[in-house]
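[1] this one's structure only:
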């Protein structure tokens, strides 16, 4: 499997709300770093246990979400994607009512060991809300 295909499978798992499909893309000792952004002012660093907990908590916040990869680059053991994320709120968030759409323009870097993600760095730029 090409590494970009593993990234696509990972994003599809998120869109479908399939935690097991998401976790299958990661190595057991993987680390995800989310750099500071509009939702996480201090950013975040988490392993798989925290990632799974946060994913399940987030399921109640969004009624749907989608990823559109607009560009990608691949090197041995590394993939960088540029994408547009859209999420439809299931509950109000700040000044946004339930049903509103949030949009982020993101770049995500993935390091791999074999075909498993070992490190992920998210750079998310949210549209104003």
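    All right, it came through fine. Just so it is clear, the structure is predicted and the values come from calculations on it, not from any experiment.
[2] From here on, just use CA atoms for contacts and neighbour counts.
    Will do.
[3] Enumerate the positions of the host helix or strand of residue 111 that are buried.
    Element membership for residue 111 (DSSP states H and E) is strand 101-113. For strand 101-113, the neighbour count (16 or more other CA atoms under 10 Å) marks 101, 102, 103, 104, 105, 106, 107, 108, 109, 110, 111, 112 as buried.
[4] what's the answer for stretch 2-11, then?
    3, 4, 6, 7, 8, 9, 10, 11.
[5] Was I right to think the last one contacts residue 65?
    No: checked against CA atoms under 8 Å, the pair residue 11 and residue 65 is beyond contact range at 10.0 Å.
[6] and the biggest helix by length in the chain, what does it pack onto?
    Counting by DSSP state H, the longest helix found in the chain is helix 3-16. Using 3 or more CA pairs under 8 Å, 6 or more residues apart in numbering; DSSP states H and E, the elements in contact with helix 3-16 are helix 19-23, strand 62-75, strand 78-89.
[7] Ranking those by mean neighbour count, which comes first?
    Most buried of the helices and strands packed on helix 3-16 by mean neighbour count (mean count of other CA atoms under 10 Å) is strand 78-89; its value is a mean of 19.
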